[in-house]
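Asks: what would the 3D arrangement of this be:
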Amino acid sequence: MVDAWRMVARTHGGPEVIAREAFVPDAPDEGQLLIAQEAIGLNFIDTYYRTGLYPAPLPIALGGESVGTVIAVGRGVTGFSEGDRIGTVSGLGAYATHRIIPAAQAIKIPNTVSAQDAAAMMLKGMTACYLAEDMIALKPGHIALVHAAAGGVGSVLVPWLRDKGVTVIAHSGSPEKAASVDADHSLHGPFENLASIVRRRTDEVGVDIVYDGIGKDSWTASLASLKRRGLMVSFGNASGAVPPVNLLDLSKGGSLYVTRPTLFDYIATPDDLARCAERLFDRMSRGVVKATIGQSFPLASAADAHRALEARRTTGSTILLP
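Replies: Residues are numbered from 1 along each chain as shown. Next up is the predicted model:
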């Protein structure tokens, strides 16, 4: 019998609701894999489930991103064997020593990538992949504004965009974070002043696209930074949910476009997932992007990790170690 435990939230609330509990993993069913976890990625979406912003049945087995070794294979699974190193970014239950996942949601990890680097990069890296590659056909000369540029997604998205020849205006929450970002323009400061600065840096034209994972606090500044017919990509709610959108504001701003995408619509099939992972591991192998693990926490200290994340005391990626 496997000695296993996990971190769960039995009610919605602050980090204090996260508790450790023992459990006995089931044997993998048809199409499933049982993995022994090696590293777990911490992501802001984990806090959305914990607080109830994103719905999920209670108790919630937190976390979506993890890497481990296959220790049992269910019936009908092809392409995976015991001993394979795999990762996943889908579903819940990553905050655990062991986890069952559908084989259709498994990603083979190249031998050149460590478990910790993969856990630090998969969700953020594949998010950066679809943002940079699938929103619009970005070309050299296009200009992008990236919020939270020193954070998990931002620290991958900025170099990915620059590798494509896109001019990047990065915005971070502090001078120290801004100094850590290698962008064409790396800014910090209040959102109230941001749009006017962006306008000055773009000869009063504005940017082609804004990547906004902040949400409520940055919404107005983001729209005001866009050029005519620019695209607003709202992909997160770090400061809270975006307020109701008045479509006339988009008209007044210059016939603006707004989208609220999610990674899982871009990796909905095994082929889509494999292609996205392939593009990420290619950028990692070429040194375009890299795992920057700013901090790690024991899995049992997941509540402390959530506190640090929500207080914006983290840089780069954060991982949990069983």
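Asks: can you give me the neighbour number for residue 84?
Replies: Residue crowding around residue 84 was assessed by other CB atoms under 10 Å; the count is 17. (Glycine included, C-beta is placed from N, CA and C.)
Asks: list the contacts of the closest residue to it other than its chain neighbours.
Replies: The spatial neighbour of residue 84 that comes closest, neighbours along the chain excluded (CB to CB, 6 or more residues apart in numbering), is residue 70 at 4.6 Å. Taking CB atoms under 8 Å, 6 or more residues apart in numbering, we find residue 70 in contact with 33, 34, 35, 80, 81, 82, 83, 84, 86.
Asks: now swap in residue 266 and tell me
Replies: When contacts are counted by CB under 8 Å, 6+ apart, residue 266 is found next to 130, 134, 272, 276.
Asks: tally up the residues packed near the first one, please.
Replies: Read that as residue 130. The burial metric for residue 130, expressed as a neighbour count using other CB under 10 Å, is 20.
Asks: can you report phi and psi for it?
Replies: Dihedral angles phi and psi of residue 130 (degrees, to the nearest 10) take the values phi -70, psi -30.
Asks: my guess is it contacts residue 276. True?
Replies: Yes. Assessed by CB atoms under 8 Å, residue 130 is found in contact with residue 276 at 6.6 Å.
Asks: overlap in contacts, these two.
Replies: Looking at what touches both residue 130 and residue 276 (by CB under 8 Å, 6+ apart), the common residues are 266, 267.
Asks: so residue 296 sits in a helix?
Replies: No. Counting by DSSP: H, G, I helix; E, B strand; the rest coil, residue 296 is not found in a helix; it is strand.
Asks: beta partners for residue 187?
Replies: Taking DSSP bridges, one finds residue 171 as the beta-bridge partners of residue 187.
Asks: domains in this protein, by residue range?
Replies: Taking automatic domain parsing as the domain assignment, the ranges for the chain are 4-123+267-321, 136-260.
Asks: mean pLDDT added to those, as a markdown table?
Replies: Conversion of those to a markdown table gives the following (pLDDT from 0 to 100):
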| stretch | mean pLDDT |
| --- | --- |
| domain 4-123+267-321 | 94 |
| domain 136-260 | 94 |
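Asks: related to what we said a few turns ago, select only the buried ones of the contacts of residue 266 in PyMOL?
Replies: Selection of buried members from the contacts of residue 266 for PyMOL, criterion 16 or more other CB atoms under 10 Å:
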select buried, resi 130+276
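Asks: if we can go back for a sec, the residue nearest to residue 84 and residue 85: what is the separation?
Replies: Counting by CB to CB, to the nearest Å, the gap between residue 70 and residue 85 amounts to 8 Å.
Asks: and if you look at residue 201?
Replies: When distance is defined by CB to CB, residue 201 is 43 Å away from residue 85.
Asks: which residues of the stretch 151-300 of the chain fall in strands?
Replies: Counting by DSSP state E, counting those that start in this stretch, residue ranges of the strands within the stretch 151-300 of the chain are 167-172, 185-188, 207-212, 226-234, 257-259, 293-298.
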